[in-house]
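whatever this is, show me its structure:
(chains A, B and C)
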Amino acid sequence: MPELPEVETVRAGLAPSLTGAKVTDVRVLDERSLKRHQGGTADFMNSLQGCRIEAVVRRGKFLWLPLTAHDDRFKSPVALVGHLGMSGQMLLRDVGAEPDKLTRVVISAIESSGQPVEFRFVDQRIFGSLAIDDLVTTSDSKPGGFSAGALANSPLLGLIPRSAAHIARDPLDEDFDVAAVTAKFAKKNSGIKRVLLDQNLLSGIGNIYADEALWRARLHYDQPAASLSKAKSRELLEHVRVILSDAVAEGGTSFDEQYKNVNGESGYFAVSLNAYGMTGRPCNRCGNPIKRDSWMNRGSHYCPRCQRLKIG
DNA sequence: ATGGACACCTGTGGGC
DNA sequence: TGCCCACAGGTGTCCA
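Numbers count the residues shown, from 1 in each chain, chains lettered A, B, ... in the order given. Just a heads-up that it's a prediction; the model follows:
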């Protein structure tokens, strides 16, 4: 469930159950899902066993669970870091529930209420991963997207995983800086879609929401970012913010059996799509057929009439 | 700085 | 029925 709204839907689903929960057992069914963990499978399991989960935090498409241990196994703060890649799911199941296909890792835990629960990491393509990683301070380390209620005073919430330290704030972060991002746009000669997808400049946007935001802003994907006026850049970022928050409200976008929330249910934003996956269908604005171009080893969907490349 | 290719993977659907 | 190809929401790295 790869883009920000899908990851946020997962985060919000995990938080009530896992905040304050204690890990009782770890099963690794496919070691390839730990490829980003430094130290091997046994180290992963031993690190997690008995830990307490302090929160469920997100920035962009990265999720992490700050951990504490009753002993001194951690010399410095750590978190369980998860990324869904192209096809990852994080499911919460009752103990003994039917197995889920393509389950790669299972973490058993006891919720703070005393209720046992199974966290299942399911991933068809194994582009996603789980890893224990150090939490570090950066010049921009305050994460966004977490519920302020849960352990909001923990100093761990001011830290960010080393593996996500390069990820910029996302448009739903209360500290997202529109002026700073538009200033960066003005210095980029790359096409605007490539810039929207650059997680170092702003995070959380993927192929669906990039195509949707560009359709709303009537921008061609190859329009150089630097050619946009300040006002047009601000307008585009406002479309992005609205689309992302609307999709969060709908529980994310889902087309098929992949992309599910923590209960295995699909989101409803797919009914709101205007460009992505609409190849050949009439544009909802002008009626011209939506076109799909091969672009960066994937697809770009746009209206050739509404979204013209402006050579300047 | 920039753009492109490709690597990491499995599964599904269309055409023949 | 089977086979081959295109395609799928991400990220990181290497090369020109």
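
once you drop chain neighbours, what's closest to the closest residue to DNA strand B within the stretch 51-200 of chain A?
Closest contact between the stretch 51-200 of chain A and DNA strand B, by C-beta to the nearest atom of the strand, is at residue A:190 (2.8 Å). From N, CA and C alone the C-beta is placed, and that goes for glycine too. Among residues not flanking residue A:190 along the chain, residue A:225 sits closest, at 6.1 Å (C-beta to C-beta, 6 or more residues apart in numbering).

give the contact list for residue A:60.
Going by C-beta atoms under 8 Å, 6 or more residues apart in numbering, residue A:60 touches A:4, A:7, A:164, A:167, A:168, A:170, A:199, A:203, A:204.

how many neighbours does the residue of the stretch 1-150 of chain A at minimum distance from DNA strand C have?
As assessed by C-beta to the nearest atom of the strand, DNA strand C sits closest to residue A:2 within the stretch 1-150 of chain A, at 3.0 Å. A total of 22 residues lie near residue A:2 under the criterion other C-beta atoms under 10 Å.

out of everything not next to it in sequence, what's closest to residue A:8?
Nearest non-adjacent residue to residue A:8, counting by C-beta to C-beta, 6+ apart: residue A:248, 5.2 Å away.

which of the helices or strands spans that neighbour?
Using DSSP states H and E, residue A:248 falls within helix A:230-249.

anything in that helix near DNA strand C?
No - using C-beta under 7 Å from any atom of the strand, helix A:230-249 stays clear of DNA strand C, coming no nearer than 8.9 Å.

what's near enough to touch the residue of the stretch 101-250 of chain A found nearest DNA strand C?
In the stretch 101-250 of chain A, the residue that lies nearest DNA strand C is residue A:206 (1.8 Å; C-beta to the nearest atom of the strand). Neighbouring residues of residue A:206 by C-beta under 8 Å, 6+ apart: A:2, A:3, A:4, A:61, A:197.

try residue A:298
Counting by C-beta under 8 Å, 6+ apart, residue A:298 makes contact with residue A:207.

per-residue pLDDT, the residue sitting nearest the centre point of chain A?
For chain A, the residue sitting closest to the mean C-alpha position, by C-alpha atoms, centre = their mean, is residue A:61 at 2.0 Å. What the model reports for residue A:61 is a pLDDT of 97.

that one reaches residue A:204, doesn't it?
Yes - here residue A:61 lies in contact with residue A:204, judged by C-beta atoms under 8 Å, at a distance of 6.1 Å.

touching both of those two, which residues are there?
A:3, A:4, A:7.

which of these fall within strands?
Assignment to strands by DSSP state E places none of those there.

going by distance to residue A:93, which of the residues you listed wins?
residue A:7 (19.5 Å; C-beta to C-beta).

residue contacts, the nearest residue to the closest one once chain neighbours are set aside?
Leaving aside its sequence neighbours, residue A:7 sits nearest to residue A:61 (C-beta to C-beta, 6+ apart; 5.0 Å). Shown in contact with residue A:61 (C-beta under 8 Å, 6+ apart): A:2, A:3, A:4, A:7, A:83, A:84, A:199, A:203, A:204, A:206.

can you classify the residue lying closest to residue A:30 once chain neighbours are set aside as helix, strand or coil?
Closest residue in space to residue A:30, ignoring its immediate chain neighbours: residue A:104 at 4.2 Å, by C-beta to C-beta, 6+ apart. Following DSSP: H, G, I helix; E, B strand; the rest coil, we place residue A:104 in the strand state.
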